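Peer 1: curious how this folds, go ahead:
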Amino acid sequence: MIRGTRTTTGTPAGRGASRKLKAVLAGGIALGLGATITLAAWNDSEYVRGTFTAGSFGIEGSTDGTTYAEHPTPAAAAALTFSTGFDDISPGDVVAAPFAVRLTAATTYDATVTVASASPAPPAFAGLTYGIATVPTFADCDAAPTTPTWVVPQGTPLDSVAAAVPFNLTQGTPPTTPGAPEFLCFVVTADAGLVQGTSVTQTWQILAESV
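Peer 2: Numbers count the residues shown, from 1 in each chain. All right, here's what the predicted structure looks like:
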């Protein structure tokens, strides 16, 4: 009997060839995945940038209507020049002092302004009350101001700003031209509670906030 030779995948030789084929196919699959990842790595970018610059804000004041400066702390407070008799005041007397405020040339915002605090030294001083009005010009401030708009009503105690109302300031043309001034008139009245020989130093805070 002549026996022929069979080659099948069931033989050891066939199983080895099959494993090699599978290994080649597996390698091909892995190569395909690698190619896909490589293609997906293409990219492009856009970049954007913004530069932000803060505005400027400042208020300054003048006791003569001409020369302006900043007075940012109680220690640097501007000294008001009251009308005749402020240094020898007696019950019934009324004295007044003008003060102009405006926004500085560098200011890039309008402002709302309020008399924010009033501080007498000594704190318990009695016998004087005050009021603050806006008036049309620096020269319109006296004991009976011309066409006043009261931002703090007359008769207010020295240590109070409870009834203060705000007023507005408008910026000029930054950075070269300051805003238009607002003219304030401080009016102080002596009453029967004033004790002779006494003295008080009053400090007001005028607070401007940008709008």
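
Peer 1: which residues does Ala121 bridge with?
Peer 2: Beta-bridge partners for Ala121, by DSSP bridges, are Thr201.

Peer 1: what about it, how many neighbours?
Peer 2: Burial of Ala121 is recorded as 12 neighbouring residues (other Cβ atoms under 10 Å). Placement of C-beta: from N, CA and C, glycine included.

Peer 1: equivalent analysis for the one 3 residues further on, please.
Peer 2: Counted with other Cβ under 10 Å, residues neighbouring Ala124 total 8.

Peer 1: so where's the chain uncertain?
Peer 2: 1-40 (pLDDT under 70).

Peer 1: need the strands for the chain, in chain order.
Peer 2: Counting by DSSP state E, the chain has strands at residues 59-62, 94-103, 111-121, 128-135, 149-157, 167-169, 182-190, 201-210.

Peer 1: just the CA coordinates for the third one, please, in CSV.
Peer 2: It stands for strand 111-121. The C-alpha trace of strand 111-121 is given here as CSV (Å, rounded to 0.1, in the frame of the first residue of the first chain):
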residue,chain,number,x,y,z
ALA,A,111,-17.8,111.3,39.5
THR,A,112,-20.5,111.4,42.2
VAL,A,113,-19.3,113.5,45.2
THR,A,114,-20.6,113.4,48.7
VAL,A,115,-19.6,115.1,52.0
ALA,A,116,-18.7,111.8,53.6
SER,A,117,-17.6,112.9,57.1
ALA,A,118,-17.4,115.8,59.5
SER,A,119,-15.0,115.6,62.4
PRO,A,120,-14.7,118.4,65.1
ALA,A,121,-11.8,118.4,67.5
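
Peer 1: which residues are in contact with that strand?
Peer 2: For strand 111-121, contacts defined as Cβ atoms under 8 Å, 6 or more residues apart in numbering pick out 57, 59, 74, 101, 103, 130, 132, 151-152, 156, 158-161, 164-169, 171, 182, 200-211.

Peer 1: repeat that with 6 Å
Peer 2: 103, 132, 152, 158-159, 161, 164, 166-169, 200-211 (Cβ atoms under 6 Å, 6 or more residues apart in numbering).

Peer 1: report the buried members of those residues.
Peer 2: Buried by 16 or more other Cβ atoms under 10 Å: 103, 132, 152, 158, 161, 164, 167, 169, 200, 202, 204, 206, 208, out of the contacts of strand 111-121.

Peer 1: what sits against the closest residue to the third one other than its chain neighbours?
Peer 2: Nearest in space to Val152, with sequence neighbours left out and distances taken as Cβ to Cβ, 6 or more residues apart in numbering, is Ile132 at 4.2 Å. Ile132 makes contacts with 115, 151-152, 184, 186, as judged by Cβ under 6 Å, 6+ apart.

Peer 1: what's the most distant pair in the buried ones among the contacts of strand 111-121?
Peer 2: Greatest spacing in those, by Cβ to Cβ: Leu103 and Val200 (30.9 Å).

Peer 1: rewinding a little: and of the strands of the chain, who's closest to Asp142?
Peer 2: Proximity of the strands of the chain to Asp142 was assessed by Cβ to Cβ; the nearest stretch is strand 94-103, lying at 5.1 Å.
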